[in-house]
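Engineer: sequence? don't have it. structure:
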């Protein structure tokens, strides 16, 4: 009888371990889906990630801070190029800022052929919005 009980409990432990592994895989899958939106600043995605794994949600916040810092730095370079009117420097700065802005706005693509006056307004607004947010103070 003891052997049957031991086998039963061993099987139960196996089922529980399998369920835990499946649950962990589901959680990691959900976090992978939430990551781009959470890093982009979607508060709903950040809250969902925190409910699944608070440490992962905190990491997403750190990644967002780093992204904002780098985007702000590249925006300042673009701002200077736009003010100088240097077409080569503008094109180069646009290529540099594009991946940051595309990440901050999932599903949208930063245009590389904007009207410089309108782009300068947008860049300056972004710089003002990120003042104090970007952790390095760039």
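Structural biologist: Happy to help now that I have it. Note that the coordinates shown come from a computational prediction; the quantities given were computed from them, not determined experimentally.

Engineer: contacts, neighbours, all on C-alpha from now
Structural biologist: Will do.

Engineer: report the next helix or strand after whichever strand or helix holds residue 62 in sequence order.
Structural biologist: Using DSSP states H and E, residue 62 falls within helix 54-84. The helix or strand immediately downstream of helix 54-84 is helix 87-104, counting by DSSP H and E.

Engineer: the helix holding residue 62 packs against which elements?
Structural biologist: Judged by 3 or more C-alpha pairs under 8 Å, 6 or more residues apart in numbering; DSSP states H and E, helix 54-84 is in contact with helix 2-40, helix 43-52, helix 87-104, helix 116-129.

Engineer: worst-scoring helix or strand of this protein, pLDDT-wise?
Structural biologist: Every helix and strand in the chain was compared by mean pLDDT, DSSP states H and E; the lowest is helix 2-40, with a mean of 64.

Engineer: what about residue 108, how many neighbours?
Structural biologist: The tally of other residues near residue 108 (other C-alpha atoms under 10 Å) stands at 10.

Engineer: can we start the residue count at 16 from this point?
Structural biologist: Yes, from this point I'll number from 16; that puts the last item at residue 123.

Engineer: residue 117 is in contact with that one, correct?
Structural biologist: Yes - using C-alpha atoms under 8 Å, residue 123 is in contact with residue 117, at 6.1 Å.

Engineer: how much space separates residue 99 from residue 92?
Structural biologist: With distances taken as C-alpha to C-alpha, to the nearest Å, residue 99 is found 11 Å from residue 92.

Engineer: give me the more crowded residue out of those two.
Structural biologist: residue 92 (20 against 11).
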